[in-house]
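>>> Need a 3D model of the sequence below.
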Amino acid sequence: MIKYLGSKRRLLTQILETVRAADPEARSVLDMFSGTSRVGHALKAQGYRVLSNDHNAYAATLARCYVAADRDDWLSDAEQLVREFNALAGAPGWFTDTFCERSRFFQPRNGARVDAIREAIAAKSLPPELEAVMLVSLMEAADRVDSTTGVQMAYLKQWAPRAENELELRVPDLLPRATHGKGEAHELDAQQAARTLVADVAYLDPPYNQHSYLGNYHVWESLVRWDQPEVYGVACKRVDCRDRRSAFNSKPRSADAFRQVIDALRARTVIVSFNDEGYLARDELERTLSTLWQGAAHVDVFENDSKRYVGAQIGIHSPSGEKVGTVGRLRNKELLYVATRGKASVALSPSRPSAP
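Numbering: from 1, shown residues only. Got it, this is the predicted structure:
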């Protein structure tokens with residue numbers, strides 16, 4: 001899967017254990033802010049019917065591939081298309097001009113391959129799930145040869161070693177249909193998703209702070225939408241990065257946005273992943289979750305020590321590239337809040353620090 005800020009790869013085991021322990025009878029899980037769909041993919045592999053949601057098109061596409069698309073339906077077609085598209089010669093176009101020449105996210109030869117393959121996908125008019133599988137194949141192939149630290153706010157001054165590699169499609173890790181039913185992928189505002197999507201367990205992993213996922217992954221948004229938007233700045237961001245912002249990225253608005261989503265949820269168990277650097281403090285989150293089911297919720301909190309995001313490891317630099325200032329800390333705490341009906345606490349194995 002693509003490199004991603006806030007990925008829950010290291011917490012997957014505990015998230016799965018938490019779902020099982022909090023609601024042993026659960027058959028369905030709503031993944032409200034699905035991102036890469038790493039969590040949804042893991043839940044599907046465990047047999048849960050997963051309803052994924054994210055308001056960004058690239059994330060909804062990842063969910064359509066990893067949650068909604070089933071291996072038995074699409075594997076053979078995907079393998080054939082991967083062979084066909086890998087044989088295409090590069091054809092420089094908008095992607096190459098924008099992300100290889102006006103900016104330096106990819107080597108031009110790889111940008112030209114992206115242009116050629118993306119046009120070929122569009123020309124096929126594929127069924128939505130198969131199209132999503134091929135778009136994810138292309139997204140992940142491009143991610144393997146990019147020249148960034150993992151986010152698309154900027155690119156490296158010197159080419160990353162992986163950028164010298166040749167772009168090559170692979171079939172994504174498609175799963176068979178889950179035991180408890182076919183998954184779904186939605187592209188809704190969080191409040192709308194909370195009002196309309198029903199599941200036994202709701203898992204929420206909202207943005208923590210001011211960093212917009214659209215801004216951090218604008219290249220993937222443009223690749224998926226293929227709308228060739230007007231761009232701005234050194235990173236050639238989509239112009240809609242300026243106004244398509246989540247309320248969760250606003251300190252004054254995030255608490256109210258969270259409360260509105262919680263109030264609208266249609267689930268009998270709620271699990272929230274957050275960290276101790278976010279806009280919402282632990283006591284505020286606990287108070288909000290305790291109002292579920294007319295105040296009948298019991299809230300447990302589990303802590304995990306975690307390495308901070310890649311920008312903190314690199315340090316703070318001026319526009320000229322000079323290192324300035326100091327980073328306050330290199331680790332933080334990832335918190336899992338579990339709200340269940342009644343008084344019983346959720347029993348989990350003792351948490352361990354994540355890998356360094």
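>>> The residue most central in space within the chain - nearest residue in space that isn't next to it in sequence?
Nearest to the mean C-alpha position of the chain, by CA atoms, centre = their mean, lies residue 35 at 1.6 Å. In space, and not counting its chain neighbours, residue 35 is closest to residue 59: 5.6 Å by CB to CB, 6 or more residues apart in numbering. For glycine as for every other residue, the C-beta is placed from the backbone atoms N, C-alpha and C.
>>> which residues touch the closest residue in space to residue 90 that isn't next to it in sequence?
Excluding its sequence neighbours, the residue lying closest to residue 90 (CB to CB, 6+ apart) is residue 112, at 2.9 Å. By CB atoms under 8 Å, 6 or more residues apart in numbering, the residues touching residue 112 are 90-93, 96, 100.
>>> same thing with residue 247?
Per CB under 8 Å, 6+ apart, neighbours of residue 247: 253-254, 256-257.
>>> Next one: it from residue 189, what distance?
9 Å (CB to CB, to the nearest Å).
>>> Kindly report the same for residue 249.
According to CB to CB, residue 249 stands 14 Å off from residue 189.
>>> okay, the two: which has more neighbours?
residue 249 (20 against 13; other CB atoms under 10 Å).
>>> which residues does the more buried one contact?
Here residue 249 is in contact with 207, 209-212 (CB under 8 Å, 6+ apart).
>>> One more: residue 208?
So residue 208 contacts 6, 274-275, 277-279 (CB under 8 Å, 6+ apart).
>>> for residue 257, what are its contacts?
Contacts of residue 257 (CB under 8 Å, 6+ apart): 190-191, 246-248.
>>> err, residue 174, not the other one
65-66, 69-71, 74-75, 78, 133.
>>> Can you list which of those residues are found in helices?
In helices, defined here by DSSP state H, the members of the contacts of residue 174 are 71, 74-75, 78, 133.
>>> Let's have these in CSV, adding distance to residue 39 and pLDDT.
Shown next, in CSV, are the ones in helices among the contacts of residue 174 (distance: CB to CB, whole Å; pLDDT from 0 to 100):
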residue, distance to residue 39, pLDDT
71, 19, 98
74, 21, 98
75, 22, 98
78, 23, 98
133, 19, 98
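>>> Tell me how many other residues crowd the closest residue in space to residue 248 that isn't next to it in sequence.
In space, and not counting its chain neighbours, residue 248 is closest to residue 207: 4.2 Å by CB to CB, 6+ apart. Using other CB under 10 Å, residue 207 has 23 other residues around it.
>>> Would you agree residue 207 is in contact with residue 215?
No - counting by CB atoms under 8 Å, residue 207 stays clear of residue 215, with 11.0 Å between them.
>>> hmm, back to that, quick one: the residue nearest to residue 90 is in a strand?
No - counting by DSSP: H, G, I helix; E, B strand; the rest coil, residue 112 falls outside a strand, being helix.
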